[in-house]
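Peer 1: Everything below, folded, please.
(one chain, ligands or ions: 1)
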Amino acid sequence: MRIDDILAGRNGAGSDGPPFSFEFFPPKTPEGERNLQDALVRLAPLQPAFVSVTYGAGGSTRARTIEIVKGIRQSHNLEAMAHLTCAGASVSEIEAILDEMAAAGIENVLALRGDPPADQKRWTKAEGGLEYSHELVALIKERHDFAIGAACFPETHIEAAGPEADLEYLSHKVRAGADFLITQLFFDNSVYLDFVARARDAGIEVPIIPGILPITQVGQLKRMTELCGASIPPGLDRELHARAGEPEAVRDFGVAYATLQCAELLAAGAPGIHFYTLNRSPATRAILSALRLTETAANVA
Ligand SMILES: Cc1cc2nc3c(=O)[nH]c(=O)nc-3n(C[C@H](O)[C@H](O)[C@H](O)COP(=O)(O)OP(=O)(O)OC[C@H]3O[C@@H](n4cnc5c(N)ncnc54)[C@H](O)[C@@H]3O)c2cc1C
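Peer 2: I've put the predicted structure just below:
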């Protein structure tokens, strides 16, 4: 099913509360593969509206991404979206990947510029390739009838000239054909709510799904936020420091924090929640269970 239909509640979708989605990445090791399969088995019964599978930095996991998306659709009967980037591929190579996705019955694509590979600091477009994600969105739109998602950055993309320029380029993506947006992770809901208000003022009307990272490890959180430029509010930083050296306490706190964050976002009108699972199930499972209990309680009252 197309994600734009799910978000609009078309085709009977959306009747079971807000759409929740889970993001996974293609693992590089046999242990990572086991973690992914384990996470899928444990998270599939929660019946997410869709899941998505990332595309390795520099375009490194092309075949694996499509293979995992196909596997999830077949084995778990879940709607699965493939991420696709402009990295390391010419236009004709990208076209071939899109055709392969269509032949596999994939209906949803998240169109991204992509991150450079780990050994490169700066993004450089491939020979005969694309420079920006809005070009990829336009290419996809022209070639296939996929539902197209794109990324957005409530705290502004790290390479952007500024918030206004970033928002202007975001509206290019939407005009080129992006049907919905998923945000970079953030920990302060006012950042998301202000961003959505600015996007609406700029004429961007498509659903903007908040991307939420359940905090499970402090070191990993610091690395990820440094890479993407997301800020850690001082209160959150204090609480994490207070639990330094107690991994279990950090995980418990991370679940509580994300649960409250999601509940507040949904109450404020967010169209769903996209969880960055990092191929682990316990935190996402706990948060989603709590959110669904809240909904049930609200319906009973
Ligand atoms: C939900 C989500 C999922 C992601 N999944 C992946 C993944 O699977 N694989 C991966 O490698 N990365 C992934 N990323 C990371 C993403 O690829 C990087 O953040 C990348 O640096 C930017 O991607 P983009 O699609 O927003 O790029 P773009 O929209 O192309 O923007 C990149 C930069 O260029 C600027 N810009 C845009 N258009 C123009 C223009 N016409 N002229 C001048 N400047 C312009 C923007 O302001 C921005 O600073 C994901 C990010 C998010 C939020």
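Peer 1: Poorly predicted segments of the stretch 1-150 of the chain, please.
Peer 2: 11-15 (pLDDT under 70).
Peer 1: Might you enumerate the residues of it proximal to the ligand?
Peer 2: Within reach of the ligand by Cβ under 6 Å from any ligand atom, the stretch 1-150 of the chain has these residues: 54-55, 57, 83, 85, 110, 112-115, 132-134. From N, CA and C alone the C-beta is placed, and that goes for glycine too.
Peer 1: Pull out the buried residues from those.
Peer 2: Applying 16 or more other Cβ atoms under 10 Å to these, the neighbour count classes 54-55, 57, 83, 85, 110, 112-115, 132-134 as buried.
Peer 1: Narrow those residues to those in helices?
Peer 2: Ser133, His134 (DSSP state H).
Peer 1: Got the phi and psi for whichever residue of the stretch 201-301 of the chain sits closest to the ligand?
Peer 2: In the stretch 201-301 of the chain, the residue that lies nearest the ligand is Gly211 (5.2 Å; Cβ to the nearest ligand atom). Dihedral angles phi and psi of Gly211 (degrees, to the nearest 10) take the values phi -100, psi 120.
Peer 1: now the helices for the stretch 51-200 of the chain?
Peer 2: Along the stretch 51-200 of the chain, counting by DSSP state H, counting those that start in this stretch, helices occupy 62-76, 91-103, 133-143, 163-176, 189-201.
Peer 1: List the contacts of the longest one.
Peer 2: Identification of contacts with helix 62-76 by Cβ atoms under 8 Å, 6 or more residues apart in numbering yields 24, 26, 36, 40, 44, 51, 53-56, 78-84, 89, 97, 100-101, 104-106.
Peer 1: Need the buried ones from these selected in PyMOL.
Peer 2: Selection of buried members from those for PyMOL, criterion 16+ other Cβ under 10 Å:
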select buried, resi 24+26+36+40+44+51+53+54+55+56+78+79+80+81+82+83+84+89+97+101+106
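Peer 1: For the longest helix that the chain contains, buried residues please.
Peer 2: If you go by DSSP H, the chain has its longest helix at helix 247-267. Within helix 247-267, the residues scored as buried using 16+ other Cβ under 10 Å are 250-251, 253-259, 261-263, 265-266.
Peer 1: what's the answer for stretch 194-202, then?
Peer 2: Buried, per 16+ other Cβ under 10 Å, within stretch 194-202: Phe195, Val196, Ala199.
Peer 1: One more: stretch 39-50?
Peer 2: Buried, per 16+ other Cβ under 10 Å, within stretch 39-50: Ala39, Leu40, Leu43, Ala44, Pro48, Ala49, Phe50.
Peer 1: Does the last one have any beta-bridge partners, and if so which?
Peer 2: What it means is Phe50. Ser21 (DSSP bridges).
Peer 1: Point out the most buried one among the helices of the stretch 51-200 of the chain.
Peer 2: helix 133-143 (a mean of 20; mean count of other Cβ atoms under 10 Å).
Peer 1: so how far is it off the chain centroid?
Peer 2: In terms of Cα atoms, centre = their mean, to the nearest Å, the centre of helix 133-143 is found 19 Å from the chain centre.
Peer 1: Then stretch 110-128?
Peer 2: That offset, for stretch 110-128, works out to 18 Å (Cα atoms, centre = their mean).
Peer 1: Give me the contact list for it.
Peer 2: Here stretch 110-128 has contacts from 52, 55, 57-60, 81-92, 130-133, 136-137, 140, 148-151, 159, 173, 178, 182, using Cβ under 8 Å, 6+ apart.
Peer 1: Tell me which entries of the residues you listed lie within strands.
Peer 2: Among those, the residues falling in strands (DSSP state E) are Ser52, Met81, Ala82, His83, Leu84, Thr85, Ile148, Gly149, Ala150, Ala151, Ile182.
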